[in-house]
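In: Sequence first, then the predicted structure:
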Amino acid sequence: MIGARRRIGGGGQDNSWPGFVDALSTLLLVIIFLLSMFVLAQFFLGQALSGRDQALAELRGQVAQLGNLLKMEQQSNQSLRDSMAELSASLTAANKDRDSLSANLEATRTQLEDSDARLRAMTEARERFEAEAKDLAEKYGLADTALAEERILSRRAQEQVAQLQRNITALQEQLGRLEAALQASEERDRRNQAVIVDMGRRLNRALASKVEELAGYRSEFFGRLKEVLSTRPEIRVEGDRFVFASELLFASGSADLGPEGRAEMRKFAETLIAISREIPAELQWILRVDGHTDKRPISNAQFRSNWELSSARAISVVRFLTSVGVPPERLAATGFGEFQPIDPADNVFAYSRNRRIEMRLTQR
């Protein structure tokens, strides 16, 4: 519009006022529009503020109510705390009463058990006393009966006492005669004891002479055997016995006499038989054959231990001597296993010395 007006009055005359008026009118319309919008905004804002005030009032009322409720709740909590304290005190007192009642109950139970035990003991004692009283009554009846019988027996006993006195007088007379006879017998015993002592001395002297005689024959026997067997190093004399090495007589682990052993045992038997003819028959002599092994263990189908092996070897020698004419009643076989070594060393030489058969002439 302003531009139109400018174009209309473009003849050189200043026509700016109408345009200014138009601008003012336009500005005025804008301001009016803004004021109307502000009024509307104030109206709606007033409405909103009035609603907020009402809500605030309601909230203040609710807060006041909640404050009142909080005070009432605090008062209730305080009363509950007081009640709780009272209940705790009551519970503590009740616990103390309960503990006291429990202790009293336990004491009462103990007393009741003691009373029951005493009652049982008294009952048993009463039953025992009743049984004893019954037994005593029975015994009294029996004693009364026995007393009557005893009186009868007493009279008879008095009669028997008189008879016994007469018998005692007769026995005293017999005792006097027996004492005289006993003295005579003791005198004979003393004489007989002297004779027995003298016979014992004579017997000891005779036995000593027999032992000396047997020792002489044994010395002669050993002397002859030394002459017969001294050529073999496997045969040695140790004290009062002949020692034969097992290697000379047996194979290893065997109890059968070998050919060489049989030959040596045959010479031994011939010498023994020859000397036995010179020994008097009253001399009770025997030849003891002892078997020994070394300490190395043995276990096979035939021998489970060295004891069995040593015994079997001694028996084998005795059987051979019997077969060649030595009287069996003059022989004895013994096995010692490895338990009587003559050399305790642990080497092959000691083993060889300990494996042996020993012959000893001794008295039965």
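Out: Looks like it came in fine.
In: Pretty sure Thr334 sits in a helix.
Out: No. Thr334 is assigned strand when assessed by DSSP: H, G, I helix; E, B strand; the rest coil, not a helix.
In: per-residue confidence for it?
Out: The per-residue pLDDT reported for Thr334 equals 94.
In: next one: stretch 127-135 to chain centre, how far?
Out: Distance of stretch 127-135 from its chain centroid, counting by Cα atoms, centre = their mean, to the nearest Å, is 47 Å.
In: then it to CSV, C-alphas only?
Out: What follows is stretch 127-135, C-alpha atoms only, in CSV (Å, rounded to 0.1, in the frame of the first residue of the first chain):
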residue,chain,number,x,y,z
GLU,A,127,11.2,-109.6,100.6
ARG,A,128,14.6,-110.9,101.7
PHE,A,129,13.6,-110.5,105.4
GLU,A,130,10.3,-112.2,104.7
ALA,A,131,12.2,-115.1,103.0
GLU,A,132,14.7,-115.2,105.9
ALA,A,133,11.9,-115.2,108.4
LYS,A,134,10.1,-118.0,106.6
ASP,A,135,13.4,-119.9,106.4
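In: any idea how far Gln78 is from Leu70?
Out: In this view, Leu70 and Gln78 are 12 Å apart by Cβ to Cβ, to the nearest Å. Just so you know, the C-beta spots here come from the backbone N, C-alpha and C atoms, and that holds for glycine as well.
In: Same check on Asp189?
Out: Using Cβ to Cβ, Asp189 is found at 126 Å from Gln78.
In: same question, Phe20
Out: Per Cβ to Cβ, Phe20 is found 82 Å from Gln78.
In: for this protein, which helix is longest?
Out: Counting residues, the longest helix in the chain under DSSP state H turns out to be helix 16-229.
In: Looking at the very next helix or strand once past that one now, give me its mean pLDDT.
Out: Downstream of helix 16-229, the first helix or strand assigned by DSSP states H and E is strand 235-238. Regarding strand 235-238, the rounded mean pLDDT is 78.
In: swap in stretch 102-116?
Out: Average pLDDT, stretch 102-116: 82.
In: again, but for stretch 142-156
Out: Across stretch 142-156, pLDDT averages out at 78.
In: before we move on, what about stretch 70-79?
Out: For stretch 70-79, the mean pLDDT works out to 80.
In: next one: stretch 32-52
Out: Throughout stretch 32-52, pLDDT has a mean value of 82.
In: before we move on, what about stretch 168-175?
Out: If you average the pLDDT over stretch 168-175, you get 78.
In: so Gly291 sits right up against Thr334, yeah?
Out: Yes. Under the criterion of Cβ atoms under 8 Å, Gly291 makes contact with Thr334 at 7.0 Å.
In: joint contacts of those two?
Out: Counting by Cβ atoms under 8 Å, 6 or more residues apart in numbering, the contacts common to Gly291 and Thr334 are Ser311, Ala314.
In: of these two, who's got more company?
Out: Remark: of Gly291 and Thr334, Gly291 carries more neighbours, 29 against 17, as counted by other Cβ atoms under 10 Å.
In: got the contact list for the more buried one?
Out: Counting by Cβ under 8 Å, 6+ apart, Gly291 touches Leu309, Ser310, Ser311, Ala312, Arg313, Ala314, Val317, Ala333, Thr334, Gly335, Phe336, Ile357.
In: Mind listing what's buried along stretch 300-312?
Out: For stretch 300-312, the neighbour count (16 or more other Cβ atoms under 10 Å) marks Phe303, Asn306, Trp307, Glu308, Leu309, Ser310, Ser311, Ala312 as buried.
In: Can you tell me which of those residues comes closest to Ala184?
Out: Of all those, Ala184 sits closest to Ser311, with 59.5 Å by Cβ to Cβ.
In: Now the closest one: closest residue in space, sequence neighbours ignored.
Out: Distances taken as Cβ to Cβ, 6 or more residues apart in numbering place Gly335 nearest to Ser311, at 2.8 Å, with adjacent residues excluded.
In: lowest-confidence helix or strand of the protein?
Out: helix 2-8 (a mean of 46; mean pLDDT, DSSP states H and E).
In: Val63 versus Arg177, what's the distance?
Out: Distance check for Arg177 against Val63: by Cβ to Cβ, it reads 149 Å.
In: Where does pLDDT dip in the protein?
Out: By pLDDT under 70, the low-scoring segments of the chain are 1-17, 195, 197-233, 282.
In: can you count the residues close to Arg319?
Out: 13.
In: which phi and psi does it have?
Out: The phi and psi torsions at Arg319 (degrees, to the nearest 10) take the values phi -60, psi -40.
In: Now do the helices in the stretch 201-350 of the chain.
Out: Along the stretch 201-350 of the chain, counting by DSSP state H, counting those that start in this stretch, helices occupy 246-249, 259-276, 306-323, 348-354.
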